[in-house]
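**Q** Generate coordinates for the sequence data below:
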Amino acid sequence: MEFGSCSTGESTTIDVEGCADLFIPDCDAKEKPFEGQVFCNLEQAEKFYEDYAKVCGFIPRKATKNRDDDGSISTRFMLCNREGVPNHANSLIFVEGNRDDRKRKRTSFKVGCKARIIFKAMSYGRFRVGTFSEGHNHKMVSETSRHFMSSNRQVDEVHQFLIHAGIRANIGPTKTFRIFKEIVGGYDKVGCTSIDFKNYGRDLKVYVAGSDAHMLLETLKDRKELCDGFQYFYDVDEENQLRRLIWTDKQAVINFKNFGQAVSFDATYNTNRYKMIFTPFTGRDNHGKCVSFGAAIISHEDMDSYAWVLSKFTECVGNAPRVFMTDQDPGLKKAVALVWPETHHRFCMWHITMKVVEKLPFNLRDDSDFKSKLNKIIWSDTIDTHEFEDEWNNLIAEYELGDNRWFSSMYEDRALWIPAYFRDIGMSGLFRTTSLSESENSYFKHFLSKFSDLVVLFMNYNSALDSQRDTCQRLNYEDETAVLPMLTTMAIEKHASRLYTISIFKEVQEEIVSAFSACMMAKMEGNTFVVDDNVDGVFTVVHDPAVDYLTCQCKLFTRKGLLCRHMYYVLRWMKVDNIPERYIANRWCKSFLLSTPQLMNGKPDSASTQLIGKQDLFHVFCKCIGHVYGDQELMKQLLDAFTEVENKFGKLGNKNRTANSKEHIFQEFYGSVRPEVPSVLPPAVAKTKGSGAGGRRKSGKEKAMSIAQKPMRNCKRCKSMGHHDSRNCPTKALLNP
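**A** Have a look, this model is predicted:
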């Protein structure tokens, strides 16, 4: 049976005596059903009438089925969707009385249309058209509006693929719709509306609601079986609700082996619908960029939760870091001391110094001399612990701060935040604040959403990790191909350019140039060299000939794994052309020089394999467009070829479309089946720090900064511009004590 297309899409008006005008759609005879027409089965019959309605401009509606005694269908009615009488009572909205009494205002499209078709059953499963009434009591939908008809709107596989990709990239359905509209060239070519996109996203959330914790654990279980090196641990409360989860993969463990000497840890909020705290473990890689060693989500920020996370992290990566940077959370402080007693716990200096102003007496808050002296003491990397204690005590005595409780408590915790106490700890100079974690958290928030469920959270995390690792691969490529300019004639600079990544070499090059231009020998006695640095002062470099080892008073190599300008000056003095192997920290070398491999060897899971198939199709499609873009003749040929392919596979694909039910598609997206009864329940919405009605308590400095950003206005009481008015004018308080 051939299917044609609508010739005009218009309708003919017929005057019928005693009734309203009827509109008869004008279409190709091949598209129009007729009484006595026979179809192989009911599905074919329904499809024919639906196609007829689509080209004519009305929406069909399946109505009554009559059945025989054996249960088989004997008669099928299909009507125009504008059949019936509108219920005007449901279209009203009651604005008086209780809010619960209000009803939604609805628009009705029913006008009592009598257009219909009746299919009668025949032998061998066939059906024939018994009755066909083609007259409508309303006009057909115009060509420009037909893409709004429900029969012409369908969130098909391509739309679903784009919505799924958008969710993985933390792009909502509305933005995805607008992107697709720009790709296809118009709203009428999308095939559905933005509301349909949003409804599909809503259905995804409804499908997983109440089961996302169980489905996430099933996803992690499958990933562990299929991917080499993937690990995860979880914990539930007494109500069987998920409260703690941590995971890591093989590449993250490899990164920890290379770059995990110092780890920064800071909580991130608003990353999921349950307000579980997202806590990534972050370090600095050989390019100086953020690198993730794993992540955890917890429901409560208490000592038990942090202790559990730290202990499981050790199981994942094999050992504890040498230095662990956090904020001043008291529960985290206890957890680190309990689980990692050998790790050097370090507080973020930024969080501490931000509180200095509000903790000072009022007369010192604007004292720039005091702040300058304090900063010189607490931020210095060159003074030792004895010098720090002497200078601190002198400063406290000079400004009479001995009775200040906050300064006293900070002095008691000095070994947890002052750089002088970390000078002898390897790689302790990688960072002194949690700014690395703040940067990482800001990065993750581009991928994570406060509305996402737990399974989508894991998807978004993987997307963020893929982006991070792709950036690393791009920097590796630049390391392999870039040729850097040399700024001195020293052979050791050339050697350094072959060893270190570009970003690290720039730091090394600065030290080498400074050794060449800013340093001179002040004194030399035996194996002791006194180097005069006209920038930072005088430093002593000692050479131990027994082991052929140099040490510098500034201890930059201990703190960061990079030689200082003073040691480069001495090496030049000793006519050493290459950096000795003992001074080459593996963590700063180019990736192909690292001792451990960088690539994962695990197999992809089944969901990823199915996704790759769709992506390959889209990739080839885009490449075809790229080949012919700009050549009108080739573009026309490609369009004709695609149209032919679409017609061919449209018929073939329709046979299997019913197998791709919405539930099956949801299962494919989430990578697991929704259980009838979840074994692990999702957590209740967590109450994070500062989650009360008033929000987080702001410091005095933050309040002042917030007020300063507001526009000034003219006060009628004091006749001056300020951040107040006559109601809260300061002069009012003075006049009315």
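**Q** any idea of the mean pLDDT in the helix or strand encompassing residue 706?
**A** If you go by DSSP states H and E, residue 706 is part of helix 700-708. Helix 700-708 carries an average pLDDT of 69.
**Q** Can you report how many residues lie near residue 508?
**A** Using other Cβ atoms under 10 Å, residue 508 is surrounded by 20 other residues. Yep, even glycine has a C-beta here, placed from its N, CA and C like the rest.
**Q** For the helix or strand hosting it, buried residues please.
**A** Assessed by DSSP H and E, residue 508 sits inside helix 502-517. Judged by neighbour count (16 or more other Cβ atoms under 10 Å), helix 502-517 contains these buried residues: 503, 504, 505, 508, 509, 511, 512, 513, 514, 515, 516.
**Q** for stretch 345-356, same thing?
**A** Neighbour count says stretch 345-356 has 345, 346, 347, 348, 349, 351, 352, 353, 356 buried, by 16+ other Cβ under 10 Å.
**Q** Turn those residues into a markdown table, including pLDDT.
**A** Rendered in a markdown table, the data for the buried residues of stretch 345-356 read as follows (pLDDT from 0 to 100):
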| residue | pLDDT |
| --- | --- |
| 345 | 97 |
| 346 | 96 |
| 347 | 96 |
| 348 | 94 |
| 349 | 93 |
| 351 | 91 |
| 352 | 93 |
| 353 | 92 |
| 356 | 91 |
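**Q** Sitting in helices, which of those do you find?
**A** Among the buried residues of stretch 345-356, DSSP state H puts 349, 351, 352, 353, 356 in helices.
**Q** rewinding a little: got the CA coordinates for the helix holding residue 508 in CSV?
**A** Coordinates of each C-alpha in helix 502-517 appear next as CSV, following Å, rounded to 0.1, in the frame of the first residue of the first chain:
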residue,chain,number,x,y,z
ILE,A,502,56.2,24.0,30.6
SER,A,503,54.4,25.6,33.6
ILE,A,504,57.0,24.3,36.1
PHE,A,505,59.9,25.1,33.8
LYS,A,506,58.9,28.8,33.8
GLU,A,507,59.3,28.8,37.6
VAL,A,508,62.6,27.0,37.3
GLN,A,509,63.8,29.3,34.6
GLU,A,510,63.0,32.3,36.9
GLU,A,511,65.3,30.8,39.6
ILE,A,512,68.0,30.1,37.0
VAL,A,513,67.9,33.7,35.7
SER,A,514,67.9,35.1,39.2
ALA,A,515,71.0,32.9,40.0
PHE,A,516,72.6,34.4,36.9
SER,A,517,71.7,38.0,37.6
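**Q** mean confidence for that helix?
**A** 94.
**Q** Point out the other helices and strands that it packs with.
**A** helix 454-481, helix 491-499, helix 565-573 (3 or more Cβ pairs under 8 Å, 6 or more residues apart in numbering; DSSP states H and E).
**Q** Residues contacting the second one, please?
**A** So that's helix 491-499. With contact meaning Cβ atoms under 8 Å, 6 or more residues apart in numbering, helix 491-499 is reached by 484, 486-487, 505, 508-509, 512, 568, 571-572, 576-579, 584, 588-590, 593.
**Q** re earlier: most tightly surrounded among the helices and strands packed on helix 502-517?
**A** Highest mean neighbour count among the helices and strands packed on helix 502-517 (mean count of other Cβ atoms under 10 Å): helix 565-573, with a mean of 23.
**Q** quick one: that one to chain centroid distance?
**A** Relative to the centre of its chain, helix 565-573 is centred 46 Å away, using Cα atoms, centre = their mean, to the nearest Å.
**Q** got the angle between that helix and helix 502-517?
**A** Interaxial angle of helix 565-573 relative to helix 502-517 (axes from the mean of the first three to the mean of the last three Cα atoms, to 10 degrees): 70 degrees.
**Q** Quick one: list the elements packing against helix 565-573.
**A** helix 491-499, helix 502-517, strand 519-525, strand 528-533, strand 537-544, strand 549-552.
**Q** Pull the residues that contact it.
**A** With Cβ under 8 Å, 6+ apart as the criterion, helix 565-573 contacts 490, 492, 511-512, 514-516, 518-521, 529, 531, 533, 539, 541, 543, 550, 552-554, 557, 563, 579-580, 583.
**Q** I'd like to know how far residue 445 sits from residue 460.
**A** Distance of residue 445 to residue 460, computed by Cβ to Cβ, to the nearest Å: 10 Å.
**Q** next one: residue 490
**A** Taken as Cβ to Cβ, the span from residue 490 to residue 460 is 48 Å.
**Q** for the residue nearest to residue 585 when sequence neighbours are not counted, what are its contacts?
**A** Nearest residue to residue 585 in three dimensions, chain neighbours excluded: residue 561, at 3.2 Å (Cβ to Cβ, 6 or more residues apart in numbering). Counting by Cβ under 8 Å, 6+ apart, residue 561 touches 426, 427, 585, 587, 588.
**Q** residues in contact with the last one?
**A** In other words, residue 588. 286, 499, 500, 501, 504, 561, 562.
**Q** check which helix or strand covers the residue sitting nearest the centre point of the chain.
**A** With distances taken as Cα atoms, centre = their mean, the chain has residue 447 as the residue nearest its mean C-alpha position (1.2 Å). Here residue 447 is covered by no helix or strand, with elements defined by DSSP H and E.
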